[in-house]
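1. Provide a 3D model corresponding to the input given below.
(2 chains)
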Amino acid sequence: MSERATSHHESNHVIELDGVWKTYRMGDQDVHALAGVDLTIERGSFWAISGSSGSGKSTMLNLLGCLDRPTQGSYALEGQDIASTSDDELSDLRLKHLGFVFQNFNLIPQLTVQENIELPLFYQGIDAIEAAQRAQAIAERVGLTDRLRHRPTELSGGQQQRVAIARALSNNPSVLLADEPTGNLDTATGDAIMELLTELHDQGKTIIMVTHEPEIAAYAQFQLVMRDGKIESITRSEKGVPA
Amino acid sequence: MISTRFIRNVRLGIKTLLLHKMRSILTMLGMVFGVGAVIAMLAVGEGASKDALDQIRKLGSQNIIINSQQPIEQAASGAQRVRMNIYGLLYDDMDRIQNSFATVVRTVPAKLIRGEGRVGGRTQELRLVGTTPAWFELVSRDLLVGRVMVDRDMEQNANVVVLTEHGARKLLSGKETIGSQVRINSGFFKVVGVIKSESTQSGTMQTPDQQIDAYIPLNVAKDRFGDINVERGNGSNTREKVELHQLIVQIDSIDNVESTAAGIERVLSMFHPKGDYRTSVPLALLRQAEATQRTFNIVLGSIAGISLLIGGIGIMNIMLASVTERTREIGIRRAIGARRKQIIGQFLIETVVLSVTGGFIGIGIGVLIPWLITMFADMPTVVTMWSVLLSVAISIGVGVIFGMYPAMRAANLDPIVALRHE
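-> Okay, the predicted model is just below:
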């Protein structure tokens, strides 16, 4: 645990990036996907990260999602620095604190909707009866109660994304990470998904979303724009909750 | 809790395998035929050798059997030119063997004479066996009624006979057995006892006794019938003089059998330069049969090993394809928070389910085939428990060994790359 996590004032910071670099070696050249990023994300905030391709937003999301470690600098999730964690510890952090929503839904085709939602609970070792109850409660929250026994392929894109959101929520994560959550949906369905995310934010969930569409980004409180591995600008939207 | 998770993993594995039924069945075939062939071949081999080993064991692994044998040049020269063939074991050989070796427990002679038993109007072909009471100690068969031959019979040159169950039934059924007089060839003998007989004349080895035996004291046989046998052939008679047809030598322990057999061979060859006898050692035959069986098992084991190896490679091949096909699923599971070892566990369970299911079907086939062979080809087969247990163990082993590499490959995928996989 980092020292900062113990301080009362900072415990409201879910995520803290401090001088983070991510460097890849391409041939004999170093490519800096992230070049010194400082960022603090408070609990309950809603962020949209955008930027042109190659700006480092995907690397940023992978890093925030504990799928990757910084080359330099520190990243603390819920006060825990991930720099020196093992692969298993990273898995455990994802399992405990994070929920992922992907552009292409990424549901497991051989599992039913309910089993997909239960998956994080299965890896947490929660017993089957409790897992089923929790999955049903979450399914109700995202409006999927009558689809629990279906296979993902039997559902529309919007419904599949709702399943993905339900799965991301089932372990009650600190942060919900969404990667272009409306990218594969038509506008109306996309708006409905965004309304669902807004609703979750209103209920206190911390959400970080990557998108290249300004009108989707507009749903968030903070619009972060990346360029060449650095944060170019952070804008606070009028829609956001007053400070 | 670990066990319920394990059960859920197994259920998920089965479910995943059932998604591609045809592929799973084809993948299992290698195991099915591998295991099936192993059990079936072992059962046939075991059945065949058990028969042979049983027969050899019946001869007694502590015994050495010496038979009189017409020397080759004498037999080849033709019966007409030689007036009488004189060959074989001598009365003296019995004492020589008995007295030369401390390891010899008893030496049982047999003088064999063709005979015909007659009681009233009934006749029965008999094999007269002139022997000593030691016969009944060595070839111990159940005594049905009366007594066996005793030393007093020898001392008194008593005209007594011990019949087999078969002979007694043919000659004396419905009559008083003990004390009855049976005419055999030119003499009358008093029946003193009836024993059971073990009459397996099939196969390569024979038991020393036959169904048609009638046992009389050796000295009575010698005095009454002499040493000359006449074989009436078509047109000419073959005459031969043989003192003893067989000696069965019992050794005190199995460890001494082979050395004593060599010693007997040395002693006999001094007195029988023509080589008119043949020594057989059931223990040596037994050892040989066992060695053959071992070789057979090694050959089977190699075939089994190769077929199971091929089965395992088939499974590994499919699992590698499956890992590639399900790269995205692996990425999703890892992103959600599955540890590497949980991914390994998932894929390993799938492989083991495949190989064990194949193994069990193979056991079914491996039990069915020997049963059919016994039913239709009338060959003895023995499905041994250890071959079944071995097959189960091998199935699990093949699943784990050949599943490990694909599972490790799945677990070592970078989740970021795996998630991007199309």
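
2. wait, does the host helix or strand of B:Leu309 make contact with chain A?
-> Using DSSP states H and E, B:Leu309 maps to helix B:282-325. No - Helix B:282-325 is not in contact with chain A by Cβ under 8 Å from any Cβ of the partner chain; minimum separation 11.0 Å. Where C-beta positions appear, they are placed from N, C-alpha and C, glycine not excepted.

3. Packing partners of the next helix or strand after that helix?
-> On the C-terminal side of helix B:282-325, the closest following helix or strand by DSSP H and E is helix B:327-336. The contact analysis (3 or more Cβ pairs under 8 Å, 6 or more residues apart in numbering or on different chains; DSSP states H and E) places helix B:327-336 against helix A:87-97, helix A:113-124, helix B:340-377, helix B:415-420.

4. Dump the strand or helix carrying B:Arg11 to CSV, keeping only the CA atoms.
-> Assigned by DSSP H and E, B:Arg11 falls within helix B:2-19. The C-alpha trace of helix B:2-19 is given here as CSV (Å, rounded to 0.1, in the frame of the first residue of the first chain):
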residue,chain,number,x,y,z
ILE,B,2,-12.7,-25.6,-4.4
SER,B,3,-14.5,-28.8,-5.3
THR,B,4,-17.7,-27.0,-6.3
ARG,B,5,-15.6,-24.7,-8.6
PHE,B,6,-13.9,-27.8,-9.9
ILE,B,7,-17.3,-29.4,-10.7
ARG,B,8,-18.4,-26.2,-12.4
ASN,B,9,-15.2,-26.2,-14.4
VAL,B,10,-15.8,-29.8,-15.5
ARG,B,11,-19.4,-29.0,-16.4
LEU,B,12,-18.2,-26.0,-18.4
GLY,B,13,-15.6,-28.2,-20.1
ILE,B,14,-18.2,-30.8,-21.1
LYS,B,15,-20.5,-28.0,-22.3
THR,B,16,-17.7,-26.5,-24.4
LEU,B,17,-16.8,-29.9,-25.9
LEU,B,18,-20.4,-30.6,-26.7
LEU,B,19,-20.5,-27.5,-28.8
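
5. now check that helix, is it near chain A?
-> Yes - Helix B:2-19 is in contact with chain A by Cβ under 8 Å from any Cβ, via B:Thr4, B:Arg5, B:Arg8, B:Leu12, B:Lys15, B:Thr16, B:Leu19.

6. Give me the nearest residue to B:Glu165, chain neighbours excluded.
-> Among residues not flanking B:Glu165 along the chain, B:Lys196 sits closest, at 5.4 Å (Cβ to Cβ, 6 or more residues apart in numbering or on different chains).

7. do the same with B:Gly34
-> Per Cβ to Cβ, 6+ apart, closest to B:Gly34 is B:Ser307, 3.8 Å.

8. residues in contact with the residue most central in space within chain A?
-> In chain A, the residue lying closest to the centroid (Cα atoms, centre = their mean) is A:Leu177, at 0.7 Å. Shown in contact with A:Leu177 (Cβ atoms under 8 Å, 6 or more residues apart in numbering or on different chains): A:Leu61, A:Leu64, A:Gly65, A:Leu98, A:Gly99, A:Phe100, A:Val101, A:Ala168, A:Ile208, A:Met209.

9. run the last query once more with 10 Å
-> Taking Cβ atoms under 10 Å, 6 or more residues apart in numbering or on different chains, we find A:Leu177 in contact with A:47, A:61-62, A:64-67, A:94, A:98-102, A:168, A:206-210, B:335.

10. Return the subset of those lying in strands.
-> Using DSSP state E, the subset of the contacts of A:Leu177 located in strands is A:Trp47, A:Leu98, A:Gly99, A:Phe100, A:Val101, A:Thr206, A:Ile207, A:Ile208, A:Met209, A:Val210.

11. was I right about the last one contacting A:Val225?
-> Put plainly, it is A:Val210. No - taking contacts as Cβ atoms under 10 Å, A:Val210 lies outside contact range of A:Val225: 11.6 Å.

12. Common neighbours of the two, please.
-> Common neighbours of A:Val210 and A:Val225 (Cβ under 10 Å, 6+ apart) are A:Ala48, A:Ile49, A:Ser50, A:Gly51, A:Lys57, A:Ala217.

13. will you turn those into CSV that also has pLDDT?
-> Formatted as CSV, these follow (pLDDT from 0 to 100):
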residue, pLDDT
A:Ala48, 96
A:Ile49, 96
A:Ser50, 94
A:Gly51, 92
A:Lys57, 91
A:Ala217, 94
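
14. Closest one of the residues you listed to B:Asn157?
-> Nearest to B:Asn157 among those is A:Lys57, at 119.8 Å by Cβ to Cβ.

15. How many residues are close by the residue of chain A found nearest chain B?
-> Ranked by Cβ to the nearest Cβ, the top residue of chain A for proximity to chain B is A:Leu95, at 2.6 Å. Residues near A:Leu95, counting by other Cβ atoms under 10 Å in any protein chain shown, number 21.

16. Spatially, what comes nearest to it if we skip its sequence neighbours?
-> Nearest one to A:Leu95, counting by Cβ to Cβ, 6+ apart, is B:Gly337 at 2.6 Å.

17. Likewise for B:Val382?
-> Nearest residue to B:Val382 in three dimensions, chain neighbours excluded: B:Glu46, at 4.2 Å (Cβ to Cβ, 6+ apart).

18. Can you name the residues that contact the one you found?
-> B:Gln293, B:Phe296, B:Asn297, B:Pro370, B:Pro380, B:Thr381, B:Val382, B:Val383, B:Thr384, B:Ser387.

19. Double-check that it belongs to a helix.
-> Yes - per DSSP: H, G, I helix; E, B strand; the rest coil, B:Glu46 lies within a helix segment.

20. for chain A, what are the nearby residues on chain B?
-> B:1-2, B:4-5, B:7-9, B:12, B:15-20, B:326, B:328-329, B:331-343, B:411-412, B:414-420, B:422 (Cβ under 10 Å from any Cβ of the partner chain).

21. average pLDDT across the helix holding B:Leu309?
-> Averaged over helix B:282-325, pLDDT sits at 85.

22. on contacts alone, who are the packing partners of that helix?
-> The contact analysis (3 or more Cβ pairs under 10 Å, 6 or more residues apart in numbering or on different chains; DSSP states H and E) places helix B:282-325 against helix B:21-58, strand B:63-68, helix B:254-271, helix B:327-336, helix B:340-377, helix B:385-411.

23. Check the burial of the residue lying closest to B:Met319 once chain neighbours are set aside by counting its neighbours.
-> Of all residues beyond its chain neighbours, the one nearest B:Met319 is B:Pro406 (3.8 Å), with distances taken as Cβ to Cβ, 6+ apart. B:Pro406: 24 surrounding residues under other Cβ under 10 Å.

24. B:Val242 now?
-> Applying other Cβ under 10 Å, we find 21 other residues in the vicinity of B:Val242.

25. Touching, it and B:Lys111? I think so.
-> Yes - the pair B:Val242 / B:Lys111 is scored as a contact, 8.0 Å apart, by Cβ under 10 Å.

26. list residues touching both of the two?
-> B:Ser68, B:Gly88, B:Leu89, B:Asp227.

27. Residue most distant from the centroid, chain A?
-> Of all residues in chain A (Cα atoms, centre = their mean), A:Asp28 lies farthest out, 33.2 Å.

28. if I pick that residue, what's in contact with it?
-> A:Asp28 neighbours (Cβ under 10 Å, 6+ apart): none.

29. in the lengthiest helix in chain A, what's buried?
-> Determined from DSSP state H, the single longest helix within chain A is helix A:187-202. For helix A:187-202, burial by neighbour count (16 or more other Cβ atoms under 10 Å in any protein chain shown) applies to A:Thr189, A:Gly190, A:Ala192, A:Ile193, A:Met194, A:Leu196, A:Leu197, A:Leu200, A:His201.

30. State the distance from B:Gln70 to chain A.
-> 81 Å (Cβ to the nearest Cβ, to the nearest Å).

31. Excluding chain neighbours, give the residue nearest to that residue in space.
-> Closest to B:Gln70 by Cβ to Cβ, 6+ apart is B:Tyr87, at 5.5 Å.
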